[in-house]
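Trainee: here's my sequence, what's the structure:
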Amino acid sequence: TGARTGEISALKIEDIDFANKTITFQRSIRKGVIGGTKTGTIRVVPMIGDLQKSLEKYIGNSNRVYLFAQPTCDAPYSDTRTIVHQYYKSMLERLNLPYKILYNTRHSFASVVAELGVPTSIISKCLGHTTVSTTERFYLKFGNINQDDARNYLESLSA
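Mentor: This next block holds a predicted model:
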């Protein structure tokens, strides 16, 4: 989804709308405190089919409130350190992937969907940026763009 780690940590099961295939981000955890999102806005992002299937399986018949609750109580983790040390690092090892900070998954999302041709305005909305220029400046470096695709696109403009 490209969501911030604090937004994912504060995600409640009720924020997932399986019927409309969307996820609503309306809160975040920062320094152990649940509050609004970084930009103070609520955003609804599309949920792709594979994610929906995984979430349906993960949630099952659970009566938890938070999607990623601590195992001992129905409360979110106060920060991502526990998640990184207990789950994320071991998952990367099992997948034989080098360690990257968890927040990099947000950048990876932006890069991958940009390479697939998703318009910057949609990427920006998914990331929760208030302006497209933020997305372009900090997430979509020109190096992420396939040079041949860029050249072909520009050539098509002059045809």
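Trainee: pLDDT averaged over the strand or helix carrying Thr135 - what is it?
Mentor: In the assignment (DSSP states H and E), Thr135 maps to helix 132-138. Across helix 132-138, pLDDT averages out at 87.
Trainee: give me the residues contacting that helix.
Mentor: Helix 132-138 is contacted from outside by 110, 120-121, 123-124, 127, 129, using Cβ atoms under 8 Å, 6 or more residues apart in numbering. Using the backbone N, CA and C atoms, a C-beta is placed for each residue, glycine as well.
Trainee: can you put those residues in JSON lines and add neighbour count, distance to Asp50 and secondary structure?
Mentor: Putting these into JSON lines (neighbours: other Cβ atoms under 10 Å; distance: Cβ to Cβ, whole Å; DSSP: H, G, I helix; E, B strand; the rest coil) gives the following:
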{"residue": "Ala110", "neighbour count": "25", "distance to Asp50": "18", "secondary structure": "helix"}
{"residue": "Thr120", "neighbour count": "17", "distance to Asp50": "23", "secondary structure": "helix"}
{"residue": "Ser121", "neighbour count": "10", "distance to Asp50": "24", "secondary structure": "helix"}
{"residue": "Ile123", "neighbour count": "22", "distance to Asp50": "19", "secondary structure": "helix"}
{"residue": "Ser124", "neighbour count": "21", "distance to Asp50": "23", "secondary structure": "helix"}
{"residue": "Leu127", "neighbour count": "22", "distance to Asp50": "20", "secondary structure": "helix"}
{"residue": "His129", "neighbour count": "22", "distance to Asp50": "24", "secondary structure": "coil"}
